[in-house]
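> Fold the following for me, if possible:
(one chain, ligands or ions: 1)
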Amino acid sequence: MRHSLSPLAILLAAGALSATTSALAADQWNLATPYGDASFHTQNTKQFAEDVRKATDGELDITMHSGGSLISHAEIKPSVRRGTVQAGEIFLSTLSNESPIYEVDTLPGLANSYDDAYALWQASKPIITKLFAEQGLMPLYAVPWPSQGIYTDFKLTDADQFQGLRVRAPNINTQRFVKNLGGIPTETEEADIPTAFSTGRVDAMITSVSTGKSMAAWDYVSNFSDANLWFPKNIVFVNKRAFDRLDDTEQKAVLDAAKQAERRGWQMSRDDRAESVKALEAHGITISKPQGDLKKQLQAAGDKLFKSWQERAGEQAKQLVADYRQRQQPSE
Ligand code: PCA
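Below you'll find the predicted structure:
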């Protein structure tokens, strides 16, 4: 009988080998992300790895494993905690079962523009850094997806159309939002979207124009309701022990490149949003803003979600929102 090794097992074996044979060789890090090469997030993080390689003359070599090729999304954070891999990228709000803090970038009506989303990240960063530190992790940077909207294979004009509709959702608050509207939420990873539609497991989805484009939404749906729900983020983070093992120059290179990646990533998100809108329209997707009744119904479903969060959120989460309100610009 043949045994095949998983990519992770091969990687671990190779790591053990190089650690014993070449103590003086460059540091090798692995960084796992669930998102594919077509995603601007992945392109940004690849550039981050490249910048670190250049700044350290190859002394810190970060290999990206994209598209969930090494570790599944849910296993990335536990794997970085254990140090199986040194770094990872995840969709931050998938951590909302750990703390209501992780829900703040999926709350309707809180941040409706990139500027707001940035102010919210500035207010969140110290608390999230602390929560990560308690688990031996260190955040490097966070970058938002374009705001979330609703894809359907009909023109969405009234929340009644959600009755019995199976809607793909990428995190808990999106699922709650769908439920508030009378739909049936189904949690599906981004990479599984095409299969979920083609096997008839879902009829509609909530995500960004970027994911709509990279998952070829036009193969399954005809309309995008640009509801501007929220700007959820990806976060890139490292195992703190792995970071502490680096020398000063390498640590500085990582932090500098992270700073640049954050700045570049926010711009890439804006640019990708504009390009994706064009691509969706070129493939025949009709994009509209919710109007009239639908607008009110979405607002009501969102308000309900926000209220329930406020009831569950502790003092720290409430303080975060207060801090955000202070940082928020009057309007974009
Ligand atoms: N794309 C990812 C996360 C949010 C987004 O816009 C997804 O839908 O899974």
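
> tell me the phi and psi of Leu31?
phi -130, psi 120 (degrees, to the nearest 10).

> Just the strands from the protein, written as ranges.
27-32, 60-65, 87-91, 137-144, 149-152, 166-169, 184-187, 204-207, 223-225, 233-239, 286-288 (DSSP state E).

> who's in contact with the residue in the stretch 1-150 of the chain positioned nearest to the ligand?
Residue nearest to the ligand within the stretch 1-150 of the chain (C-beta to the nearest ligand atom): Trp145, separated by 3.5 Å. Just so you know, the C-beta spots here come from the backbone N, C-alpha and C atoms, and that holds for glycine as well. Contact partners of Trp145, counting by C-beta atoms under 8 Å, 6 or more residues apart in numbering, are 41, 207-208, 210-211, 231-234, 269.

> try 7 Å this time
Going by C-beta atoms under 7 Å, 6 or more residues apart in numbering, Trp145 touches 208, 210, 231-232, 269.

> Selecting buried members of those in PyMOL, what would you type?
The buried residues among the contacts of Trp145 can be selected in PyMOL (16 or more other C-beta atoms under 10 Å) with this line:
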select buried, resi 208+210+231+232+269
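
> Report the entries of the contacts of Trp145 that also contact the ligand.
Among the contacts of Trp145, proximity to the ligand is found for 208, 210, 232 (C-beta under 6 Å from any ligand atom).

> Can you read off the pLDDT for Lys318?
Note for Lys318: predicted pLDDT of 89.

> Could you check how far it is from Asp272?
Counting by C-beta to C-beta, to the nearest Å, the separation of Lys318 from Asp272 is 33 Å.

> what does Trp29 give?
With distances taken as C-beta to C-beta, Trp29 is found 26 Å from Asp272.

> Which one of those two is surrounded by more residues?
Asp272 (24 against 21; other C-beta atoms under 10 Å).

> thinking the more buried one is in contact with Ala38, fair?
No - contact between Asp272 and Ala38 fails when scored by C-beta atoms under 7 Å: they sit 10.3 Å apart.

> want to try CSV for the contacts of Trp145, with pLDDT and distance to Ala133 as columns?
Formatted as CSV, these follow (pLDDT from 0 to 100; distance: C-beta to C-beta, whole Å):
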residue, pLDDT, distance to Ala133
Ser208, 98, 30
Ser210, 98, 30
Phe231, 98, 25
Pro232, 98, 22
Ser269, 98, 26
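
> Looking at the contacts of Trp145, which is nearest the ligand?
When the contacts of Trp145 are ranked by distance to the ligand (C-beta to the nearest ligand atom), Ser208 comes first, at 3.1 Å.

> Verify the stated contact: the closest one with Pro144.
No - at 9.1 Å, Ser208 does not count as touching Pro144 under the criterion of C-beta under 7 Å.

> In the chain, where's the longest helix?
helix 248-282 (DSSP state H).

> Number of residues surrounding the spatially closest residue to Gln135 that is not a sequence neighbour?
Excluding the flanking residues, the one nearest Gln135 by C-beta to C-beta, 6 or more residues apart in numbering is Arg81, at 5.6 Å. Around Arg81 there are 16 other residues, counting by other C-beta under 10 Å.
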